[in-house]
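Trainee: Using only what follows, build the 3D model:
(one chain, ligands or ions: 2)
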Amino acid sequence: MSNFGNKVQFEVYQTMTKPDPDRLPISYEEWEAKAREVLNDGPFYYVAGGAGGEETLKDNLHSFARYKIVPRMLRNAEDRDLSIELFGKNYDSPLLQAPIGVQSIIHEDGELASAKASAALNIPYITSSASTKTMEEIAEVMGDAPKWFQLYWNKDPEVTASFVRRAEAVGYDAIVVTLDTPMMAWREKDLKNVYLPFLIGEGVGNYFTDPVFRSRLESPPEENPAEAVMHWTKTFGNPGLTWEHLLFLREHTDLPILLKGILHPDDAKMAHEYGVDGIIVSNHGGRQVDGAVSSLDALPPIVEAVGKEMPVLMDGGIRRGADVIKALSLGAKAVLVGRPCMYGLAVAGEQGVQEVLRNLLADTDITMALSGCSSMAELNRSILLNTKR
Ligand SMILES: Cc1cc2nc3c(=O)[nH]c(=O)nc-3n(C[C@H](O)[C@H](O)[C@H](O)COP(=O)(O)O)c2cc1C
Ligand SMILES: O=C(O)C(=O)c1ccccc1
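Mentor: Residues are numbered from 1 along each chain as shown. Ligands and ions are numbered 1, 2, ... in the order given. Modelled structure (predicted):
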């Protein structure tokens with residue numbers, strides 16, 4: 001993917017002779033506005049919204065603005081390389097698609113569209129436990145492209161073990177355990193809209209097809225969906241989870257295990273003690289603890305605590321190339337992109353997601369070059385200024 005940004009830019013200018021109001025959006029703001037036009041209130045605010053007064057949702061973005069890039073000159077950025085290495089594998093770029101459940105509320109193709117868009121750009125796709133399409137269907141459309149599986153730890157340990165077995169069987173490369181959502185936060189917009197996707201049977205595909213989950217029901221979900229949804233709501237989240245439970249997971253898989261939702265450096269150290277392979281610094285896109293520290297502010301102390309021991313990834317607020325450069329300069333090995341992909345999905349399905357990711361990659365490549373850097377390894381704090389007061 002050498003000098004990807006220049007190629008994309010050239011392509012855009014070459015294929016268009018004048019501005020075209022019907023072409024797909026470029027900016028994040030434009031994608032979001034278009035998504036607002038095509039989605040009803042319920043789904044749109046489910047995606048766009050956050051917990052409580054949305055302080056953390058906003059702060060995830062504001063934190064990026066507080067850091068300034070201080071570009072370096074005359075450092076030969078003619079040939080660039082965006083690739084990174086994680087757990088012994090090479091990835092073309094430092095981007096991944098964040099796990100996002102219930103995508104059929106956004107577009108009828110749901111996760112199959114976003115997974116295919118990822119595969120086309122060789123950007124790892126993280127399948128959510130709460131996906132509408134099953135993890136097997138998603139793996140199938142992705143072929144050999146990189147894919148990780150995000151695990152919501154079920155109250156029923158046998159369901160949890162079954163999910164991990166299934167993910168391994170169809171070729172997922174890593175397990176991401178999300179820790180920050182053992183229950184839904186107080187989300188005011190969803191309460192106002194009386195909108196919760198899984199109560200209308202969305203996001204339960206992996207569960208309804210799971211042999212262990214099915215064995216717990218009196219009748220199959222096809223015959224009695226209400227019973228199955230009820231069982232799902234009772235067992236979905238596990239607020240009783242402790243560090244010891246991670247040992248159970250380690251026994252069930254040899255895949256790399258990452259913990260998603262770590263914000264405290266002491267938890268990062270615990271993760272290392274418990275043999276975890278990586279960390280994703282995240283506040284779930286401001287959807288869980290309102291008032292929680294922004295992801296970018298949480299990142300440096302965590303990198304300081306465990307960055308030498310294991311890769312630290314982050315998500316929350318990545319919208320443009322400069323955001324990627326800032327997060328990586330603060331020590332993140334890679335970043336996950338959430339809502340921007342979903343707005344692409346809403347507006348133009350697979351093509352929309354691919355366009356969002358392609359443009360973000362191009363912007364990242366160009367911003368890196370203009371900052372005087374040629375590879376991810378060259379990004380560090382020396383090109384950042386923290387203007388936070
Ligand atoms: C609609 C929606 C659904 C989500 N579902 C999941 C999920 O199933 N599992 C998970 O670990 N995170 C989930 N997340 C959180 C994302 O993985 C990610 O942490 C967050 O969106 C990143 O922030 P950003 O949207 O600002 O990029 C969801 C986020 C959104 C917006
Ligand atoms: O909405 C979310 O943030 C989320 O993580 C989730 C959890 C369960 C089902 C669908 C989405």
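Trainee: Report how many residues lie close to residue 110.
Mentor: 25 (other C-beta atoms under 10 Å). Where C-beta positions appear, they are placed from N, C-alpha and C, glycine not excepted.
Trainee: tell me the contacts of the most centrally placed residue in the chain?
Mentor: Central residue of the chain (C-alpha atoms, centre = their mean): residue 98, 1.2 Å from the mean position. For residue 98, the contact set (C-beta atoms under 8 Å, 6 or more residues apart in numbering) comprises 126, 285, 315, 336-338, 341.
Trainee: For ligand 2, state which of those residues is nearest.
Mentor: Of all the contacts of residue 98, ligand 2 sits closest to residue 285, with 7.1 Å by C-beta to the nearest ligand atom.
Trainee: which bits of the stretch 151-300 of the chain sit near ligand 1?
Mentor: 178, 260, 282, 284-285, 287 (C-beta under 6 Å from any ligand atom).
Trainee: what subset of those residues is also close to ligand 2?
Mentor: Applying C-beta under 6 Å from any ligand atom to these, one finds that 284, 287 fall near ligand 2.
Trainee: In the residues of the stretch 151-300 of the chain next to ligand 1, find the pair that's most separated.
Mentor: Pairwise distances across these (C-beta to C-beta) peak at 12.6 Å, for the pair 260 and 287.
Trainee: quick one, helices of the stretch 201-350 of the chain?
Mentor: 205-208, 211-215, 225-235, 245-252, 265-273, 295-306, 321-329, 339-370 (DSSP state H, counting those that start in this stretch).
Trainee: Can you name every helix or strand that the last one contacts?
Mentor: Read it as helix 339-370. The elements that helix 339-370 packs onto, with contact taken as 3 or more C-beta pairs under 8 Å, 6 or more residues apart in numbering; DSSP states H and E, are helix 4-15, helix 28-38, helix 41-48, strand 95-97, helix 110-121, helix 321-329, strand 335-337.
Trainee: Check the third one too.
Mentor: Applying 3+ C-beta pairs under 8 Å, 6+ apart, we find helix 225-235 packed against helix 205-208.
Trainee: Recalculate using a threshold of 7 Å.
Mentor: Applying 3 or more C-beta pairs under 7 Å, 6 or more residues apart in numbering; DSSP states H and E, we find helix 225-235 packed against no helix or strand.
Trainee: Poorly predicted segments of the stretch 51-200 of the chain, please.
Mentor: Within the stretch 51-200 of the chain, no stretch has pLDDT under 70.
Trainee: and residue 293, how many neighbours does it have?
Mentor: Residues near residue 293, counting by other C-beta under 10 Å, number 18.
Trainee: How about the residues of this structure by ligand 2?
Mentor: So the chain meets ligand 2 at 101-102, 130, 181, 197-198, 203, 284, 287 (C-beta under 6 Å from any ligand atom).
Trainee: Show me which of those is closest to ligand 1.
Mentor: Once C-beta to the nearest ligand atom is applied, the member of the residues of the chain next to ligand 2 that ends up nearest ligand 1 is residue 101, at 3.3 Å.
Trainee: give me the residue from the protein nearest ligand 1.
Mentor: For the chain, C-beta to the nearest ligand atom, closest residue to ligand 1: residue 338, 2.4 Å.
Trainee: Neighbours of that residue, how many?
Mentor: Neighbours of residue 338 under the rule other C-beta under 10 Å: 20.
Trainee: And for residue 138?
Mentor: Residue 138: 27 neighbours (other C-beta under 10 Å).
Trainee: Was I right to think it contacts residue 111?
Mentor: Yes: counting by C-beta atoms under 7 Å, residue 138 does reach residue 111; the two are 5.3 Å apart.
Trainee: Now do the shared contacts for the two.
Mentor: In terms of C-beta atoms under 7 Å, 6 or more residues apart in numbering, residue 138 and residue 111 are both contacted by the residues 127, 131.
Trainee: who wins for neighbours among the residues of the stretch 151-300 of the chain next to ligand 1?
Mentor: Neighbour max across these (other C-beta under 10 Å) = residue 282, 28 neighbours.
Trainee: which residues touch that one?
Mentor: 180, 260-261, 295, 314-316.
Trainee: how about a cut-off of 10 Å?
Mentor: 60, 98, 176, 178-180, 259-263, 288, 292, 295, 298, 313-316, 336, 338 (C-beta atoms under 10 Å, 6 or more residues apart in numbering).
Trainee: filter those to the buried ones?
Mentor: By neighbour count, with 16 or more other C-beta atoms under 10 Å, the contacts of residue 282 hold 60, 98, 176, 178-180, 259-263, 288, 292, 295, 298, 313-316, 336, 338 as buried.
Trainee: Inside strands: which ones of these?
Mentor: Among the buried ones among the contacts of residue 282, DSSP state E puts 176, 178, 259-262, 313-315, 336 in strands.
Trainee: Distance-wise, check the residue lying closest to residue 179 once chain neighbours are set aside relative to ligand 2.
Mentor: Nearest residue to residue 179 in three dimensions, chain neighbours excluded: residue 261, at 4.2 Å (C-beta to C-beta, 6 or more residues apart in numbering). Distance from residue 261 to ligand 2, counting by C-beta to the nearest ligand atom, to the nearest Å: 10 Å.
Trainee: so what pLDDT did residue 261 get?
Mentor: Model confidence at residue 261, given as pLDDT, is 99.
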